[in-house]
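Visitor: Pasting the sequence and the predicted model now:
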Amino acid sequence: MGMPERTKCCTLFLLLYTCCLLQVHGQQGRNSVSISGRHLSLQQLFNKIQEQTSYYFSYGADVDLSRTINVDFKQTTLQTVLNTILAKDYSWEFDGRSINIRMIPSTTLPPNPTHTPVSDSPTLIQGKALDETVIIAYGTTTHRFNTGNVTAIKGESIAGQSGTNPLLALQGRVPGLLVTQTGGIGGMAMKVQLRGQNSLENGTQPLFIIDGIPYNPILSGGLGSQIWGEKASAFNFINPEDVESIDVLKDADATAIYGSRGANGVILINTRKGKAGKTVLRFNIATGLTHTGRHVQLLNTQQYLEMRNEAFRNDGVKPTERNAPDLLKWDPARYTDWQKALIGGTGKNISTQASMSGGSNTYQYLISGHYRRETMVFPGSFADTRGGLHLSTNANSTDQRFSATFTGSFLADKTTLPGFDFTSSILLPPNTPPAYLEDGSLNYSWLNPYIGLVGPLFNADVKNLLANIGLQYRLLPGLVLKTNVGYNWLTGRSSSLTPLAIYAPAIRNTRTGSSQHFHYEGISRIIEPQATYTLDKCAWHLQFLAGGTLQGYNENQDALYADGFKSDALLNNIYYADTVYGKTETAAYRYVALFGRMGINYKNRYLLNLSVRRDGSSRFGPRKQFASFGAIGAAWIFTEAPFAKPLQRILSFGKLRASYGTTGNDQIGDYQYLGQYKNVDGTYQNVTGLRPASLFNADFAWELTRKSEFGLDMGFLHDKILLYASYYLYRSSNQLVSYPLPDITGAGSIIGNLPAVIRNNGLELVLSAQHIRNKNFEWASSFNITFGRNQLLRYPDPTIPMQSSVGFVEGQALSQLYVATAMGVDPATGTYQFADANHHPVPANKAVESKPIDMAPVCYGGWRNNFQWRGFGLEVLLQFTKQRGLNTIFDPNYMPGYLQNQYAVVLSRWQQAGDIATYQRYTQTGSLRDGYRQAIESDLGYTDASFIRCRYVEASWSFPSKLLQSLHLQEGKCYLQGQNLFTWTSYKGLDAETQSKTTLPPLRMVSCGLKIAL
């Protein structure tokens, strides 16, 4: 038997990296540079050092780059050069390939009596926000010199999240980015949308890249879990503690270099790396509680029985034990709060993280491990347990010409879930019989949700491996050759067992058990060779990049279904099943590209960036497999101009920027352009036939998005106040949709490009300020808000069947609905009435007037405040969204009066002629179903779902220096964290974000922990 592919790849990675390390340690030479000149500025010296080494510089605005010095270094060590040119005013340290320079605190800041570390928040240190390193496509820059639009979130903000999905850290922090939870159960998919919807029918998620490896955000099929649904979040299998930074790339200048995959934006995730310095051991242990943050007000038993009796009276029907067991059989004095019973439990979690890092100027390393276990708020012993390792090493030759980097992460996760979400049962009648009999056995006399504790039960084991090798060689001064090789293996196995125990003992011998088994495996490989060249000539700083991409991705899904088990003990052995069948799905994706970029910086005042990419993809037709994309970005730092010098005491920084370019969208699945067949229903002479499922289309091509952006970045009062304003305009065309075909073709449709145009435009504002900074107290804040609009600019003749079946309207938003106009409850009949063409009240079957309702958010954003007082810290993040949502008071299957509990607001119902009521009269038959369903599809079915949520709070205390010395610690910190603590909203349902009455809402989390460093 051959070696599995993943084993081969891992072996190849280890051999390759071992060779690289041998090469690094075998390099001869000295860590030295040669620079000579008179009156050279610090900026010029930094540029020359970057040319001769693999390092780049990071510094704040308080570093005087114009200061000149006479130097004559010949084969002088880098350490000596830095100590000489920085003299006594600045301190410096190696941070991977970065040299961080800071002004010595005693010369700029008041003393810190507690000697506690200052937060890494960009708003706390003067000038740092503009000059901290920002990760961009295939390189780095700073906010000051960036021509594109990139938002960076640092690892401290990500690791602070108590959850298991690092994407949660982006909520409320990134302008233009809307991250929505679909539920409160770990592993559920996240909806991530950057600057609106660019496609009619295809994927709109950004491109995710982890350490240079494209990462599929979806675990397809959800491993068969009914709770996860068809999609589970693959980011649930990334440890947030291992993330160094997340950079969100938005405009054309930032994303066009990703070509056909950049239309929806790009999110770069970089994991932690080792840093030079003595060996440091870090430990972080935390424990916490989770519970449902909000319960809705439901009818109590008395109110519920009143509703049911009134419904029978209204309908003129006599209750019987068959149609009204709650009235005639069940205890009328019994009350069960099903919200408390089913989703009112307390989940517990414990997590530990340990790491060791250190190294020298030529070798840095980091190794860390983590463990986490979290239980659920549901009844039962359901839990999620995970553990993993993270390793990062970086080796440089002593002459700094060659470097090799390896980063690897492995996570194993074991999850046990019920077969359904218990939230779907919180509207059970409050007087149902007890869940358990007096002898402790389950009560099978009614649809008891506690039967879900015995089956079906879902178990999943998921493993995720990410590995990356980066090689870099400085061939000539300014010329660097490098390559990145990446590998990702994500696999999962699950089983869902339905035992005989779910059936009542009296009928159990007439039933059989069943089981479902699923397997998923996704393997991604990528190699990207690159060459960069940097040239400094007088006042010009030029950067050139050329490279290529070769990527492959394979996905396999297997499902096995077994039925007819006679014993629960045999459910995992399909040999004992009467019936077994299965299915397999496979997909292969291949991608190749060439790309390039040129950056020009003149006098640190005029900036120009040009990027281009040529893509080839296996997802498109033979005549459209290749396409070109590109962008131009320009910026003018006008505060560097002579006319702005007198204003610098007030306006310390000002930059105008603009960009334009083209990107593509390839989130359309594999093999869509090919002719495909599937089995027909039934057989003919015991043979299963085939029928066309789709037709071949050789011109199946990319969706194209043209991006324009204009921005203004300003800093006031020595950058204590920073304002970023961005206006974007996107036009997406060449939309891929399903064209309906006549039945004679055999296929129901063919996928092709439609000449429709979608426009997304909006305004993003970010305001950050350092309000107070003195000897004992600091207060900094950051506020962001986004106003976005979506519109279908052009749509071909709506009279043809295709467009009418899709339902989009030219000139309106894709998220816009046209619904009937409700006109309250008829005082005479107690039924809902609606507007006709003359805006007169009429019954449901005569309603014609409709009104538009846009379901897209009007605006959204966040407000973050950070306070520091001596060793105490407090961080508060508020997230807000202005939007409309589904009115979950209305249930399409259960009208008020049916055998199901209701929200207490339905007490405002019609009871007799002349009543002015909000809700129609109770009924327990289908006589009022038409009006009720029309109400759901009218403006009554939608309501204000705006909210302000206290997304994150952390209170901390850092150990003072005397305590650290007595405990022999380098760092010490204890903290208390909370997530989703409070939500201010007028929304009547469980949660304004998820807008569901059957899905567990995002949970409130409170945890405490301790961090120490030895």
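Guide: That came through, no problem. Numbering: from 1, shown residues only.
Visitor: Sheet partners, orientation included, of the helix or strand where residue 785 lies?
Guide: Element membership of residue 785, judged by DSSP states H and E, is strand 777-794. Using DSSP bridges, the strands paired with strand 777-794 are strand 757-773 (antiparallel), strand 859-869 (antiparallel).
Visitor: And the first one, what's buried?
Guide: Spelled out, it's strand 757-773. 757-766, 768-770, 773 (16 or more other CB atoms under 10 Å). Bear in mind the C-beta positions are built from the backbone N, C-alpha and C, glycine included.
Visitor: so how far is it off the chain centroid?
Guide: Centre-to-centre, strand 757-773 and its host chain are 19 Å apart (CA atoms, centre = their mean, to the nearest Å).
Visitor: and the gap between the residue nearest the centre of the chain and residue 996?
Guide: For the chain, the residue nearest the mean C-alpha position is residue 167 (3.7 Å; CA atoms, centre = their mean). Applying CB to CB, to the nearest Å, the value for residue 167 to residue 996 is 19 Å.
Visitor: cool, residue 643 as well?
Guide: 57 Å.
Visitor: who has more neighbours, those two?
Guide: residue 996 (19 against 8; other CB atoms under 10 Å).
Visitor: How much space separates the closest residue to residue 1000 other than its chain neighbours from residue 163?
Guide: Among residues not flanking residue 1000 along the chain, residue 184 sits closest, at 4.2 Å (CB to CB, 6 or more residues apart in numbering). Noted for residue 184: a distance of 10 Å to residue 163, by CB to CB.
Visitor: cool, residue 132 as well?
Guide: 26 Å.
Visitor: now residue 650
Guide: Residue 650 is 42 Å from residue 163, by CB to CB.
Visitor: With residue 708 instead?
Guide: From residue 708 to residue 163 the distance is 36 Å (CB to CB).
Visitor: out of the two, which sits in the busier spot?
Guide: When neighbours are counted by other CB under 10 Å, residue 708 and residue 163 differ, and residue 163 comes out ahead with 21 against 16.
Visitor: what sits against that one?
Guide: Each residue near residue 163 by CB atoms under 8 Å, 6 or more residues apart in numbering is listed here: 186, 240, 979, 1005.
Visitor: How about the third one, nearest residue that isn't a chain neighbour?
Guide: In space, residue 979 comes closest to residue 1005 once its chain neighbours are excluded; the distance is 4.3 Å by CB to CB, 6+ apart.
Visitor: thought that neighbour was touching residue 289?
Guide: Yes - taking CB atoms under 8 Å as the definition, residue 1005 is a contact partner of residue 289 at 7.5 Å.
Visitor: anything in contact with each of the two?
Guide: Counting by CB under 8 Å, 6+ apart, the shared contacts of residue 1005 and residue 289 are residue 349.
Visitor: neighbour count winner among these two?
Guide: Taking neighbours as other CB under 10 Å, residue 1005 and residue 289 compare with residue 1005 leading, 23 against 16.
Visitor: In what element of secondary structure is that one found?
Guide: strand 1003-1013.
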